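Asks: Got a predicted structure here, sequence first:
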Amino acid sequence: MSTISTHLRTFKEPNKEQITQLFFSVPPSLTARCEKDGLEKMEINAVLSMSAEAEEDSYAGKLHLIPPFLCFASLDRKSCRFTLPLCTIRRVERLNARAGIYALSLSLWHGMKIVVQLTSLRPTADLFCASLRDSLKAELQHGQMKAVRSFVKTCYSETLVASEAQAGEEEQEEKVAPEGTDNVETPYHGGLGLRFKFPGDPKKLREASKVKLWKTYLRTHGRNLTLLRYPQCTRLVQVGLPNRLRGEMWEVLSGSLYLRFSNPGVYEEILKENEGRTSTSTEDIEKDLHRSLPEYSAYQSEEGISALRRVLQAYSFKNPELGYCQAMNILVAALLIYMSEEQAFWLLEVVCDRLLPGYYSTSMHGTLLDQRVFESLVQKCLPIIHDHFQEVDVQLSVASLPWFLSLFINSMPMVFACRIIDCFFCMGPKVLFQVGLAILKINGEELLKIQDDGGFIQLMRSYFSSLGQSAHPHSPDPRARAITRFQELLLVSFREFSIITDDTIYSERKKFRNEIVFSIESFSKRAAIRNLKTLERFTKEQAGLIYDALYRAMCIIPPPAEVARPAPTLISDGNEEKPETRIGLRTFRVFLSEIATWARDEKIIINGFQQRVDREVAEHEFIDRLFYFWDVHCKGALSFQDLVSGLDGVMFNDLMENIEWFFNLHDKNKDGYLTKDEVLTLSESLLFIFRFEIGDAYLGAVSRFMTNAFEYGDALLPQPEGQGDSDEPPPTPGIASNQPYLNLATFRMVVLADEILESFFETDLSASFKLEPVPMMELPSSGNGFLGDLISNIATDDNKKLFNRFTDQIGRTIGKHQVIHRPAIGRFTKLEEPKARESLLTPSMRPSTSTSSLSPTDRAQSPGASTSNLSLSSDARSTTETLVQGSEMSPISIMKTANEALMERPQFAIDDALDDDTDDELGGEDDGVMDEVDAFLEAHDSGLTDEQKEVAKDLLNAKPVK
């Protein structure tokens, strides 16, 4: 059994539009609906201002209309941004401002008012407003604006900000029930922590102060669907989110909130439609359920286990290509502490598809790629540590891979890991690299003393278990003693490694992607060959060449969805039977064109400017017949094993075996006889194989074969009774075209009657199957810069074809265009027709006058020449075995190590869940909770001059145009 996946080669770098959507956390599935409605995307320069109550500066930036969203980002792309669903905009008014000022006032669902000053040219501003109006009308027609009211009730922020006038104290106590109480019923979505308590001590985590600060921010800057992200928002996230608000904020910051809003009830429908269904993924999920944060009390009960099972199974049903991967259970188990099942389901989709693509795929290519990127960053930022690791042969990924794969959940105490996840959803994947580099730098002196992987892992475990301790316990300054090691970690991460940006990660991934793809493909190739039931008479090197041809064919024409299966997971116990990848007929034609010379049309084109070889895949009934002949299991598709066995049945044959193989290939009903129709079909197959041979020698051989076959076939038919004593020649007996006519013995005699056909079946047929190194498909260029992008844009396949057509046309015009078809057999190089032997089947045996035109050197080929094509050059053999150099990582060893690390999470006492102090949750004083992030805050530039700020301030008091 073997599975082969080509999805890594179909990867395309995101374009500018896709990068913009990723930045604003806009789900692609939602924008696709609006594109069908004909709504256009647009961007415009703008200045954003808020009401005086918010006390925020005005920011210059770009306003993006990405239906059904309106997005804004400041010029530095970090100070101010928002992503607003258009259905949350209640009113849009144009303001009566100074001459030359084009400004809009937007009233949002939660009562805020923002002013957007459009600073582009007037025609551009008018066009933007027209597009915005059309998009708002479309949202109204789809009924999305009506859905907002019921949806926001599922968000905890609504309960948090609700005034006491709207909800009495008794009602408020019901909505905000103490943690750990039974039968918790809340109008908003919440996680298992509401019942089983949240990890950590609420007093030490200063929950009351955080809730108060967030309540103030959400009241003035919007919440859930209408949240505006100003610098204060990032500061609050870095301090740590309140437990009850954490799940909702993860949704908002990641963009999964928009998926949940646009797909109401989908999660429940998936569970209902697939109730009772089992698959390989569901079996793997069952194995890992009780290994998912077992120290947390919720996962010691059926309630928590059932919730975890439902989320993981629902995602595996929704995305069967990815299914389930180990480490997913750790992530979802952590999410469910703070989120409902539906919230965790949509957030898991965002993490797997957009934030960490390829991390939880079956090949884990995203994880391996980021490990290579992380190693490169360590080499650049911490060269001494990198050189020491190289000297003592310590693999960095032994410890760092579980950090990335589980988002530090399995490495740190939960209360600290959740704070890193807060920053991850707020600032993106770069946080993982910044924190990882900071960990290595803080422990630099100790790391230079380690000598092996075991010492590295032990040092990291010791460090993570002490994150809650003072970073400077012996300092005379009490403020320094109050700084914990975790606060120090954040300080180093966001201040010293702020140079690690999204662009840095993007460029590094682009740089190393091809290297990782080649490494994974090499591993998959060895796994596929190892999983073969039998190599038949091939060596591993020869089987590797067959695999290369198959892989190239799958890259050109991917197998159908119902035939193709996902690649094998690198983490496997090896006991289960893996699914097979099978190719259809169209892919088989491409595969055979790489193996058999007669299955392709090779044209040598000379046009006066260039000489090139164009290859086209041949289509003929003979190829189709061979496809079904090799499909011994009658599945309508061929596996790698089927191809190996099929090729073995022809490439090692001698003369008689080849004749029998060709006969059986055309014996449709396998009764040992060919009908007249099948004899004609066999002749057509021979003509197809010989179609490009020089001269008429092979054409004459096929013609004589047909004459002799029908002559001797008729002679063997039973004669009518009563004709024995007659002097008249017996009439030709009649027989239907679909009745048994020619058996194997007769067919063998007919073939041996012709020297050309005998030579073909003795050597040429087997020799036409050639196992040679296959030129693999080129991966997307990883060249950076203007020149690299320019070359990649010019040297495309379409442009090459266009250039070839242009030069061919010029060649025809000047009379120098010439097309030469390369023969499949190539035995005859002159236009001389050799004569065949005298037929063995005529009644009168005439003396043979035929002479052979085959040269002595050609006839000297022994039967063993049929296998000469199987010899491999040293270059081919080295190509088969060579892995991509430059990164000393072995995917299988890395995956095994990661699997062991993921399943062994240390016990941290700080994660013990304690009762929350709900009495002072909303009334706590600000006890300096923001102080810990002040040290690494960056300056935020509004991008405006003093005069422009004054204009923006005046617009806040401007009246609408009447």
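Replies: Nice, I can see it. All values derive from a computational prediction rather than experimental measurement.
Asks: And the residue nearest the centre of this structure?
Replies: For the chain, Gly358 is the residue whose C-alpha lies nearest the centre (Cα atoms, centre = their mean; 5.5 Å).
Asks: Give me the phi and psi for that residue.
Replies: Main-chain torsions, Gly358, degrees, to the nearest 10: phi 80, psi -10.
Asks: And the pLDDT at it?
Replies: pLDDT for Gly358: 91.
Asks: Skip the chain neighbours and tell me the closest residue to it.
Replies: Setting aside the residues directly before and after it, Gly358 is nearest to Gly366 in space (Cβ to Cβ, 6 or more residues apart in numbering), at 2.4 Å. Backbone N, C-alpha and C define where each C-beta goes, glycine included.
Asks: which SSE is the one you found in?
Replies: helix 365-381 (DSSP states H and E).
Asks: For that helix, which residues meet the burial criterion?
Replies: Using 16 or more other Cβ atoms under 10 Å as the test for burial, helix 365-381 gives 365-378, 381.
Asks: For the helix or strand that that helix is followed by, which helices and strands make contact with it?
Replies: Next along the chain after helix 365-381, taking DSSP H and E as the criterion, comes helix 383-392. Using 3 or more Cβ pairs under 8 Å, 6 or more residues apart in numbering; DSSP states H and E, the elements in contact with helix 383-392 are helix 365-381, helix 444-447.
Asks: Just give me how far the last one sits from the chain centre.
Replies: When you say that, I think you mean helix 444-447. Mean C-alpha position of helix 444-447 versus that of the full chain (Cα atoms, centre = their mean, to the nearest Å) differs by 37 Å.
Asks: ok, and for whichever helix or strand comes after it, which residues are buried?
Replies: Where DSSP H and E defines the elements, the next helix or strand beyond helix 444-447 is helix 453-465. The neighbour-count criterion (16+ other Cβ under 10 Å) identifies 453, 456-457, 459-460, 463-465 as the buried residues of helix 453-465.
Asks: need the residues you listed in TSV with distance to Val152 and pLDDT, can you?
Replies: Below are those laid out as TSV (distance: Cβ to Cβ, whole Å; pLDDT from 0 to 100):
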residue	distance to Val152	pLDDT
Asp453	50	93
Phe456	48	95
Ile457	46	95
Leu459	47	96
Met460	43	96
Tyr463	42	96
Phe464	38	96
Ser465	41	94
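Asks: Can you get me a residue count around Thr216?
Replies: When neighbours are counted by other Cβ atoms under 10 Å, Thr216 registers 14.
Asks: Format the helices and strands packed on helix 383-392 as TSV; extra columns: distance to Gly700 and mean pLDDT.
Replies: Listed next are these as TSV, based on distance: least, Cβ to Cβ, whole Å; pLDDT from 0 to 100:
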stretch	distance to Gly700	mean pLDDT
helix 365-381	56	95
helix 444-447	79	95
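Asks: Please tabulate those in JSON lines and include distance to Tyr267 as additional columns.
Replies: Listed next are the helices and strands packed on helix 383-392 as JSON lines, based on distance: least, Cβ to Cβ, whole Å:
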{"stretch": "helix 365-381", "distance to Tyr267": "25"}
{"stretch": "helix 444-447", "distance to Tyr267": "44"}
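Asks: Which of those sits closest to Val394?
Replies: For Val394, the closest of the helices and strands packed on helix 383-392 is helix 444-447, at 8.7 Å, according to Cβ to Cβ.
Asks: So which bits of the closest one are buried?
Replies: Residues of helix 444-447 classed as buried: Leu447 (neighbour count, 16+ other Cβ under 10 Å).
Asks: can you check stretch 143-153 too?
Replies: Buried residues in stretch 143-153 (16+ other Cβ under 10 Å): 144-145, 148, 151-152.
Asks: Stretch 40-52 now?
Replies: Those would be 41-50, for stretch 40-52 by 16+ other Cβ under 10 Å.
Asks: cool, stretch 271-283 as well?
Replies: Judged by neighbour count using 16+ other Cβ under 10 Å, the buried positions of stretch 271-283 are 271, 274, 280-282.
Asks: And it, how far out from the chain middle?
Replies: Offset of stretch 271-283 from its chain centre (Cα atoms, centre = their mean): 23 Å.
Asks: First-to-last residue distance for it?
Replies: With Cα to Cα, to the nearest Å as the measure, the ends of stretch 271-283 fall 16 Å from one another.
Asks: pLDDT averaged over it - what is it?
Replies: Mean predicted lDDT for stretch 271-283 stands at 92.
Asks: And for stretch 689-703?
Replies: Here stretch 689-703 scores 89 as its mean pLDDT.
Asks: Now that stretch: buried residues?
Replies: Using 16+ other Cβ under 10 Å as the test for burial, stretch 689-703 gives 689-695, 697-698, 700-702.
Asks: Next: stretch 22-40.
Replies: Of all the residues in stretch 22-40, those buried under the rule 16+ other Cβ under 10 Å are 22-27, 30-31, 34, 39.
Asks: Next, format these as TSV and append secondary structure and pLDDT.
Replies: Below are the buried residues of stretch 22-40 laid out as TSV (DSSP: H, G, I helix; E, B strand; the rest coil; pLDDT from 0 to 100):
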residue	secondary structure	pLDDT
Leu22	helix	92
Phe23	helix	93
Phe24	coil	94
Ser25	coil	92
Val26	coil	92
Pro27	coil	90
Leu30	helix	85
Thr31	helix	84
Cys34	helix	76
Leu39	coil	86
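Asks: quick revisit: please narrow the buried residues of stretch 271-283 to those residing in helices.
Replies: Counting by DSSP state H, these place 271, 280-282 in helices.
Asks: from those, which two are the most distant?
Replies: The distance between the two most remote of those (Cβ to Cβ) is 18.7 Å, for Leu271 and Thr280.
Asks: Need the ones in helices among the buried residues of stretch 271-283 in JSON lines (columns: distance to Lys204).
Replies: Formatted as JSON lines, these follow (distance: Cβ to Cβ, whole Å):
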{"residue": "Leu271", "distance to Lys204": "38"}
{"residue": "Thr280", "distance to Lys204": "44"}
{"residue": "Ser281", "distance to Lys204": "40"}
{"residue": "Thr282", "distance to Lys204": "40"}
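Asks: Out of these, which comes closest to Phe389?
Replies: Closest to Phe389, out of all of these and judged by Cβ to Cβ, is Ser281, at 36.3 Å.
Asks: Identify all contacting residues around stretch 41-48.
Replies: Stretch 41-48 is touched from outside by 17, 31, 58-67, 72, 74, 80, 114-120, 124-125, 127-128, 131, 944, 948, 952, with contacts defined as Cβ atoms under 8 Å, 6 or more residues apart in numbering.
Asks: go with 7 Å
Replies: Residues outside stretch 41-48 that contact it (Cβ atoms under 7 Å, 6 or more residues apart in numbering) are 58-67, 72, 80, 114, 116-120, 124-125, 128, 131, 944, 948, 952.
Asks: still on that earlier bit, which two of the buried residues of stretch 271-283 have the greatest separation?
Replies: Farthest apart among the buried residues of stretch 271-283 by Cβ to Cβ are Leu271 and Thr280. That separation is 18.7 Å.
Asks: Quick check: of the buried residues of stretch 40-52, which lies closest to Arg612?
Replies: Lys41 (41.4 Å).
Asks: What is the nearest of the buried residues of stretch 40-52 to Glu508?
Replies: Glu508 lies nearest to Glu43 out of the buried residues of stretch 40-52, by Cβ to Cβ, at 27.3 Å.
Asks: what about the closest one, which SS state?
Replies: Of the three states, Glu43 takes strand under DSSP: H, G, I helix; E, B strand; the rest coil.
Asks: List of residues touching stretch 59-72?
Replies: With Cβ under 7 Å, 6+ apart, stretch 59-72 has contacts from 20-21, 24, 26, 30-31, 34, 39, 41-48, 73-75, 79-87, 116, 128, 131-132, 135, 138-139, 942-944.
Asks: Can you flag which of those residues belong to strands?
Replies: Per DSSP state E, strands hold the following members of the contacts of stretch 59-72: 42-48, 73-74, 81-85, 116.
Asks: Considering those residues, which is situated nearest to Ile529?
Replies: Nearest to Ile529 among the ones in strands among the contacts of stretch 59-72 is Thr83, at 48.3 Å by Cβ to Cβ.
Asks: show me what contacts the closest one?
Replies: 24-26, 69, 71.
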